[in-house]
Every structure is written in C-alpha cells, then in structure tokens.
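> Coordinates for the following, if possible.
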Amino acid sequence: MDPNVSRVLRLFRLSVPILFLLLACYVFLGEHVFGLAYVVGRRLRPRMRATLRGLYRLGAALFAFGMHASVWFACVEADGGASLCPRTRFEERRCLVATSVSALYCGATLLVERWANPMLELGQPTGLRARACAAAGLMLTWMTVADQQLCAHLLLLLFTSRRALVHFPAVEKAYALCMKLYTVLHMSRILTRQCEAIPKLAVATVAAMAVL
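Below is the predicted model of the structure:
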C-alpha cells in the first residue's frame with residue numbers, strides 16, 4: 001500500500017476518540033447554546049429568510065450530489081456495481097480522496113445545519129434522538145473508513161443522497177430503500193463468510209441505516 005494512503009487511514013484511526021468527544025458535545029448541547037441563530041433568524045425578514053433557505057437547500061443539494069457522484073464513480077462504479085462483495089478501493093488515491101472529503105463533508109454538515117436549521121427554519125428534526133442517530137452514523141462511518149470497509153461507502157452514499165435529493169422526496173425514499181436493501185444483502189454475505197469483512201461493523205451499519 002502507498003505510504004500516503006497508509007498515513008491517511010492511520011489518521012482516521014487516531015482521530016476516532018477525538019471525533020467521539022466532538023459528537024458527544026454535538027448530541028448533548030441543547031438548543032439554547034445556539035440561541036444566536038434563533039435571534040438572527042427572527043431579525044431576518046420573511047422574504048429574505050425564504051430566499052436564503054432556498055439558496056441554502058439548492059447549494060447543499062448540488063454539493064451533496066458532487067460528493068455522492070465522486071464516491072460512486074471512484075469507489076463503487078469501478079467494480080461494475082452488481083456484486084454483493086465488491087473489492088474495496090481504499091488503496092487507490094482517487095477513491096481515498098473521495099471518501100475522506102465526503103466523510104469530512106458529512107461532519108461539517110451536521111455542525112452547519114445545527115446553526116442553519118433555526119436560523120433559516122429548515123424544518124429538520126433537532127431532538128436528542130435525531131442528533132444521536134446522526135452522530136452514531138458519522139461515528140460508524142469514521143470507523144469503517146479506518147478499517148477499509150465497504151460499509152463506509154454505503155453510509156456516505158446514503159448520507160449524501162438524502163441531501164442531494166431533498167427536492168425529490170419520493171425518489172430519495174426509493175433510493176434509500178434500495179441502498180438499505182443492498183446493505184442487508186451485503187451483511188448476509190459477510191455473516192455467511194462469502195465476503196471478507198468485519199461482521200460486527202456490517203451489522204452495526206444495517207442497524208444505523210434503519211434509523212437514519
């Protein structure tokens with residue numbers, strides 16, 4: 001394996017405890033901590049807020065589509081996409097770069113949306129359960145990237161597709177169901193030892209996808 005690739009994967013492993021602490025703060029910090037976002041949102045005129053909300057959703061969708069396409073074509077599509085046990089391509093720089101950038105994007109999105117949701121009235125769930133599920137999904141993504149598991153790509157594809165298809169809820173729901181079905185089939189192959197992967201991470205991925 002390329003030394004640079006090994007170094008990046010090692011950084012993912014070393015940053016798991018740090019990410020856990022950051023996500024714990026993300027989950028347990030209440031809405032009053034983000035009071036400034038509510039104040040700014042109330043001071044915006046309704047038309048201005050609606051315009052900014054539309055621009056934010058459009059920009060987030062386009063950016064998420066770019067992340068989704070990069071992971072798909074760099075890491076998944078190269079194997080033909082039909083196999084339930086595709087070869088992971090973490091050792092290839094193109095795939096590793098797409099995976100790393102998408103993982104960082106997912107983490108940044110959680111923080112940005114924590115501010116944008118009350119400011120622009122995005123209407124996204126912000127309760128403790130929703131925050132815990134999102135944090136668990138990102139934590140699992142980080143761990144699966146560190147262990148070079150296909151589940152990392154599946155989680156990234158699900159996360160980015162949710163934002164890329166925000167204007168097409170029916171398509172987004174159907175795509176997410178297909179992604180979850182593929183993950184379940186992939187897990188069954190792993191549990192029956194037809195795929196080389198870590199069984200507990202595959203089971204955890206299916207559980208995380210069920211609530212994401």
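
> who does the lowest-mean-pLDDT helix or strand in the chain touch, helix- and strand-wise?
Counting by mean pLDDT, DSSP states H and E, the weakest-scoring helix or strand in the chain turns out to be helix 35-43, with a mean of 85. Contacts defined by 3 or more C-beta pairs under 8 Å, 6 or more residues apart in numbering; DSSP states H and E place helix 35-43 against helix 93-120. Using the backbone N, CA and C atoms, a C-beta is placed for each residue, glycine as well.

> and the helix it packs on, what other elements does it pack with?
helix 3-14, helix 16-28, helix 35-43, helix 46-71, helix 128-146, helix 150-164.

> What is the neighbour count of residue 205?
Residues lying near residue 205 (other C-beta atoms under 10 Å) number 29.

> Could you find the closest non-adjacent residue to the one residue sitting closest to the centre of the chain?
For the chain, the residue sitting closest to the mean C-alpha position, by C-alpha atoms, centre = their mean, is residue 159 at 3.7 Å. Distance criterion C-beta to C-beta, 6 or more residues apart in numbering; nearest residue to residue 159, sequence neighbours excluded, is residue 106 at 5.1 Å.

> Roughly how far does the one you found sit from residue 6?
Noted for residue 106: a distance of 23 Å to residue 6, by C-beta to C-beta, to the nearest Å.

> And residue 184, by the same measure?
With C-beta to C-beta as the criterion, residue 184 and residue 6 are 32 Å apart.

> between these two, which one's more packed in?
residue 184 (14 against 11).

> And what about that one, helix, strand or coil?
helix (DSSP: H, G, I helix; E, B strand; the rest coil).

> Could you count how many residues lie near residue 90?
Neighbourhood size, residue 90 [other C-beta under 10 Å]: 23.

> Please name the residues that touch it.
Neighbouring residues of residue 90 by C-beta atoms under 8 Å, 6 or more residues apart in numbering: 5, 9, 96, 99, 145, 148.

> what number of residues lie near the residue found closest to the second one once you drop the neighbours it is linked to in the chain?
What that stands for is residue 9. In space, not counting the residues next to it along the chain, residue 9 is nearest to residue 146; the distance is 6.2 Å by C-beta to C-beta, 6+ apart. When neighbours are counted by other C-beta under 10 Å, residue 146 registers 19.

> cool, the one 10 residues further on as well?
Applying other C-beta under 10 Å, we find 28 residues neighbouring residue 156.

> any idea how far it is from residue 64?
Per C-beta to C-beta, residue 156 is found 10 Å from residue 64.

> Give me the residue ranges of the protein where confidence is low.
The model of the chain has pLDDT under 70 over residues 1, 77-82.

> Pretty sure residue 206 sits against residue 185.
No. Residue 206 lies out of contact with residue 185 (C-beta atoms under 8 Å); the separation is 10.1 Å.

> neighbour-wise, which of the two wins?
Neighbours per residue (other C-beta under 10 Å) separate residue 206 from residue 185, with residue 206 holding more: 17 against 11.

> Report the secondary structure state of that one.
Assigned by three-state DSSP, the conformation of residue 206 is helix.

> Thanks a lot, catch you later.
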